[in-house]
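Asker: I would like to see how this sequence folds:
(one chain, ligands or ions: 2)
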Amino acid sequence: MLLESDIKFLAGVGPNKASLLNKELEVFTFEDLLHYYPYKYIDKSKFYKINEISSSQAYIQLRGKIIRFETAGAKYKQRFIAHFADETGNIELVWFKGINWIKKYLQTNVEYIVFGKPSVFNRKINIIHPEIEEAIKENKHINASLQGHYHTSEKMKNSFLTSRAIQKLMQSLIQNTQANIKETLPGYLITKYNLLPFKEAIVNIHFPKDIKTLEKARFRLKLEELLYIQLNILQQKTYRHKTIAGFVFSKIGKYFNSFYNNNLPFELTNAQKKVIKEIRKDLGSGKQMNRLLQGDVGSGKTLVALMTMLIAKDNNFQSCLMAPTEVLANQHLKSITKFLENTGVEIALLTGHTRKKQREEIHKRILNSEIDILIGTHALLEDIVQFKNLGLVIIDEQHRFGVEQRARLWKKNDKPPHILVMTATPIPRTLAMTVYGDLDTSIIDELPPGRKAVKTIHFFDSGRLKMFGLLKNEIAKGRQVYIVYPLIKESEKMDYKDLEDGYESIVREFPIPDYQVSIVHGKMKKEAKDIEMNRFVKGETQIMVATTVIEVGVDIPNASVMVIESAERFGLSQLHQLRGRVGRGADQSYCILMSSYKLSNEGRKRLETIVQSNDGFEIAEADLKLRGPGLIDGTQQSGVAFNLKIANLAKDGNILQYARDIATQILKEDPELILDKNRTISYQLKAKRKSNTDWSMIS
Ligand code: ADP
Ligand code: MG
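Answerer: Ligands and ions are numbered 1, 2, ... in the order given. Okay, here's the model as predicted:
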């Protein structure tokens, strides 16, 4: 009960600070604050002397007195300086903000402890906005040499809710509530996995006794956090399998077989065969399929999708295939129509651009079951699109769609159709186990034979002539090339200018009539775009200058070079996707990354990663490390959905695996969590489901 108290009742908080804690940290109760963990720890056991300081040091701690104050600078840019000294010298402490408050707070001739990061100004070393506290007060704190630091917002700092202030609140909170902190894992797990008890973990996460105990505390809390997520996902998955019956596609009939025997232009790769087998098993099982198909760009997912749809047709069900863009939906229509020539399977396309009359016609034909396969974009989601008997939903590049969008397709039949979601952006292991944790996964880990790995080269602007030379060489061999420019909403105007300038310089370098250049970008009319795109597809133009509209899906085997301008501005998975547009024939293909010399650390690492690796999974892992899991395409929801307080999906893959294994074992023995020894788990899980509404929505 005590832990559920409103945070405003904690000594030292009050209504003002309470409202800030509510708004800025979502801390409403005592318990919420207990779970607001430090993001870093600083060793404050060491004191430096002023004559030991250099500006290259990270944080340092000093002990000494202020000898005098000074206010400097123009009125609107004032700074307040405290000249601070110990027996070895003196140093300036500088404030630009909160001057009035600090003026009142500080005095000369009192012993202070100062903590901060030294920097250089006018060739003198100073410390800007240090933490400062009377030495006697400091001694009263919990005697921890490792001090936790808490994230605080600018607003909080302005109201003196600094990291230090939170630490003090935490101290009194822990002192007053320790007796009420209850264990949240069953004793048998704590013993078996040698975990710190919950109370000890909480105390040590805020006020570590020593590094070793801190590590144990962190491990315990991370493991617990991930364990409950896994228990939730795994239990839901079993529940879904038990309660939702799926359509049974028992037959492999004439459509599948005749396609396989007569229309398949090449041998399936072993990986494709394996995946189709996995899918067939699902479809015949009587349970609803919920499968994620991962396969690098060019691995042949479309064909797998198509063959799955033929199984649906063999069992008298309709299918739909949803893609994130017009271009991609069109491409699917084209290739699937070609694959299915003379098979009698009816295909239609429905996108936002389908004309009204045609659209109404299609709506009618779907409802009458005259269409077997409906391909389209978001337009498929509209309520007016009603099927006679939808049995299978396939979603291509699923990370482009949100959870609710997928759910809307489920509802297009009384019983939920089978679901196959496909992605070329490999999902790192940790996300596969969490965000997509209740999907079964299939992986196409093999490219069709005869493909050569794309050679990736990074040029700075000075290498432009070399790049042009390489393009001319390839074009002379009859090949085609892409040149892609970034287009980012925030800098759209500049980006279009770069694209236009780039286009002009390319036309100058590659003049008519020897060369033909296409251009495609988002501001063009659809008709104009299609004309340009088609000219390139037909080989009438050799160079395609474009923004990222070609990012997903387009398949032109004759294209052998992908030039990416300002490559440092693209994300890793985007770069990998773009590179996947070439290398589809048997000849050597190239990906050329152009960048300026000025690269951020992260930008440089991205380019290095792409140059070194052709492996989508490796790249996805690197991406996760560089960007953090919240920023990976389509997984934004994950951070929110899981509301992780301490575990980090980018770094804690091993703990996650451990948690999953433990969860699996627990549920194997006690699927409903009704055993006496699991009572704590069952109680905690229920509470977490209640407070995390998103927990019921995953995938
Ligand atoms: P993605 O997995 O990126 O969607 P696609 O399905 O577009 O890949 O396939 C890429 C290309 O490879 C297409 O031209 C497709 O026809 C071809 N392809 C697919 N499977 C095979 C195969 N088993 N052997 C040869 N080519 C294949
Ligand atoms: Mg594809």
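Asker: so after the lengthiest helix in the chain, what's the next helix or strand?
Answerer: Using DSSP state H, we find that the single longest helix of the chain is helix 211-243. Later in the chain than helix 211-243, the nearest helix or strand by DSSP states H and E is helix 254-258.
Asker: please name every helix or strand in contact with that next one.
Answerer: Judged by 3 or more CB pairs under 8 Å, 6 or more residues apart in numbering; DSSP states H and E, helix 254-258 is in contact with helix 301-314. Placement of C-beta: from N, CA and C, glycine included.
Asker: what's the following helix or strand after the helix it packs on?
Answerer: Next along from helix 301-314, by DSSP H and E: strand 318-322.
Asker: what is whichever strand or helix holds V561 packed up against?
Answerer: Here V561 is covered by strand 559-564, with elements defined by DSSP H and E. Strand 559-564 is packed against helix 464-476, strand 480-484, helix 572-579, strand 590-595, with contacts defined by 3+ CB pairs under 8 Å, 6+ apart.
Asker: looking at these, which is closest to L333?
Answerer: Smallest distance to L333 across the helices and strands packed on strand 559-564 (CB to CB): 20.7 Å, for helix 572-579.
Asker: who in the chain is up against ligand 1?
Answerer: 266, 268-269, 272, 295, 297-303, 424, 448, 555, 584 (CB under 6 Å from any ligand atom).
Asker: return the subset of these lying in strands.
Answerer: G295 (DSSP state E).
Asker: mean confidence for stretch 62-69?
Answerer: The predicted model assigns stretch 62-69 a mean pLDDT of 95.
Asker: which positions in it come out as buried?
Answerer: Across stretch 62-69, burial judged by 16 or more other CB atoms under 10 Å covers L62, R63, G64, K65, I66.
Asker: measure E370 to D6 for me?
Answerer: Distance from E370 to D6, counting by CB to CB, to the nearest Å: 62 Å.
Asker: can I get stretch 474-487 in PDB, CA atoms only?
Answerer: C-alpha atoms of stretch 474-487 as PDB (Å, rounded to 0.1, in the frame of the first residue of the first chain):
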ATOM      1  CA  GLU A 474      29.500  -0.700 -67.400                       C
ATOM      2  CA  ILE A 475      27.200   1.100 -69.700                       C
ATOM      3  CA  ALA A 476      29.500   0.200 -72.600                       C
ATOM      4  CA  LYS A 477      28.900  -3.400 -71.700                       C
ATOM      5  CA  GLY A 478      25.200  -2.800 -72.100                       C
ATOM      6  CA  ARG A 479      24.400  -2.600 -68.400                       C
ATOM      7  CA  GLN A 480      22.300   0.000 -66.600                       C
ATOM      8  CA  VAL A 481      23.000   2.100 -63.500                       C
ATOM      9  CA  TYR A 482      21.100   3.700 -60.600                       C
ATOM     10  CA  ILE A 483      22.100   7.000 -59.000                       C
ATOM     11  CA  VAL A 484      20.200   7.600 -55.800                       C
ATOM     12  CA  TYR A 485      19.900  10.800 -53.800                       C
ATOM     13  CA  PRO A 486      18.700  11.100 -50.200                       C
ATOM     14  CA  LEU A 487      15.300  12.700 -49.700                       C
END
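Asker: care to break this structure down by domain?
Answerer: What automatic domain parsing lists as the domains of the chain is 46-144, 254-283+300-423, 455-613.
Asker: related to what we said a few turns ago, least confident of the helices and strands packed on strand 559-564, on average?
Answerer: Note on the helices and strands packed on strand 559-564: lowest mean pLDDT is at helix 572-579, with a mean of 87.
Asker: that one packs against which elements?
Answerer: Under the contact definition 3+ CB pairs under 8 Å, 6+ apart, helix 572-579 sits against strand 559-564, strand 590-595, helix 601-612, helix 616-627.
Asker: let's see 6 Å
Answerer: Applying 3 or more CB pairs under 6 Å, 6 or more residues apart in numbering; DSSP states H and E, one finds that helix 572-579 contacts strand 559-564, helix 616-627.
Asker: nearest to T162, out of these?
Answerer: Closest to T162 of those, according to CB to CB: helix 616-627, at 28.7 Å.
Asker: taking helix 601-612 as reference, get the angle to that closest one.
Answerer: Here the directions of helix 616-627 and helix 601-612 differ by 170 degrees (axes from the mean of the first three to the mean of the last three CA atoms, to 10 degrees).
Asker: what's in contact with helix 616-627?
Answerer: Helix 616-627 has contacts (CB atoms under 6 Å, 6 or more residues apart in numbering) with D296, P426, P428, L572, S573, H576, E602, T609, S613, A650.
Asker: for the closest residue to ligand 1 within the stretch 351-500 of the chain, grab phi and psi.
Answerer: For the stretch 351-500 of the chain and ligand 1, the shortest gap (CB to the nearest ligand atom) falls at P448, measuring 3.3 Å. When read as degrees, to the nearest 10, the backbone of P448 gives phi -50, psi 150.
Asker: try I91
Answerer: The phi/psi pair for I91 (degrees, to the nearest 10) reads phi -150, psi 150.
Asker: may I have the predicted confidence score for it?
Answerer: Here the pLDDT value assigned to I91 is 94.
Asker: roughly how far does it sit from K103?
Answerer: From I91 to K103 the distance is 19 Å (CB to CB).
Asker: likewise D86?
Answerer: From D86 to K103 the distance is 22 Å (CB to CB).
Asker: which of these two has more residues huddled nearby?
Answerer: Using other CB atoms under 10 Å as the criterion, D86 and K103 rank with D86 on top: 18 against 13.
Asker: wait, what's in contact with the nearest residue to the more buried one once chain neighbours are set aside?
Answerer: Leaving out its chain neighbours, the residue that sits closest to D86 by CB to CB, 6 or more residues apart in numbering is G64, at 3.6 Å. G64 is in contact with F84, A85, D86, counting by CB under 6 Å, 6+ apart.
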